[in-house]
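Could you look at this predicted model? Sequence included:
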Amino acid sequence: MAQQPQPDHPVRSLTVSLPAYNERDNIGPMVNLVREQVGPLVQDLEIIVVDDGSADDTAGVVAAIAQEDPRVRLIRHPVNQGYGAAVYDGVWAATRECIFFTDSDRQFSLEELPRFMARLADADMVIGYRYARSDPWFRRLFGQGWSWLVNLMFGYTARDVDCAYKLFRRQVIESVHVDSRGATFSAEFLVRAKRAGFRIVEEPVAHHPRVAGSQTGANPRVILRAFRELAKLRWRLLRGGHA
């Protein structure tokens, strides 16, 4: 029997984690894109969708897919806990050797993932930065300011801290502890991973307009809580908090 050609990247076993909140119209097509575009790239694929207390039928759509595809797992939050909690639960529930998380709203293209996989040959984490963010101006402004603030407080961490296109080896989540379940999740995750000595490289990634659903976030209370959590993180690290 002829040998099957091996992919030109080191990733063989992969969990794709998708946080979702009221994404009924996006989640089915997104899971299908993962199966169609990522499935052929790896030998072993797991797809985890975390439904963060959606008021629509997001969970029902995923449950129906999971019934006919054992690679798909659904985690449900009875009530909305926030984006950071949804990302955390999906990532830390992963069982494969490498983990990738992105959003469920189809604003990122999975066609860029092979480039990220190739970079994992000489890195522990490959994180994206949006070179042309398709969001309202105030979200772009806040995102740029947030990344600037994180880099100011903790040293250079990332060009686009909250970009939801991150691929990393399992050893990262086995070695770092992340307290935040809120808007500072990505910042704390990256800061702690860097301080633990993991090799992090950055890659540009396109960001597309939504095709369905509506954006959430930019709530003033969430933003204020994020600033408080960031200050607490800096205080913990200054006091020698766990990595």
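Thanks, I have it. Being a predicted model, the structure only gives us computed values, none of them experimental. Numbers count the residues shown, from 1 in each chain.

Point to the residue nearest the middle of the protein.
Central residue of the chain (C-alpha atoms, centre = their mean): Phe101, 3.3 Å from the mean position.

quick one: secondary structure of it?
What DSSP: H, G, I helix; E, B strand; the rest coil gives for Phe101 is strand.

how about the residue nearest to it when sequence neighbours are not counted, phi and psi?
Once flanking residues are discounted, Phe101 sits nearest to Ser17: 4.2 Å by C-beta to C-beta, 6 or more residues apart in numbering. Quick note: C-beta positions are derived from backbone N, CA and C, even for glycine. In terms of degrees, to the nearest 10, the main-chain angles of Ser17 are phi -110, psi 130.

same question, the one 5 residues further on
Backbone torsions for Asn22, taken as degrees, to the nearest 10, come to phi 50, psi 50.

before we move on, the earlier item: so the residue nearest to Phe101 sits right up against Arg96, yeah?
No: in this structure, Ser17 is not within contact of Arg96 by C-beta atoms under 8 Å, at 10.2 Å.

For these two, indicate the residue with more neighbours.
The neighbour comparison of Ser17 against Arg96 (other C-beta atoms under 10 Å) goes to Ser17, with 25 against 18.

Who does the more buried one form a beta bridge with?
Beta-bridge pairing for Ser17 (DSSP bridges): Ile48, Phe101.

and it, how far is that from Gly39?
15 Å (C-beta to C-beta, to the nearest Å).

Kindly provide the distance from the residue nearest to Phe101 to Arg195.
Using C-beta to C-beta, we find Ser17 at a distance of 23 Å from Arg195.

Cool, thanks, talk later.
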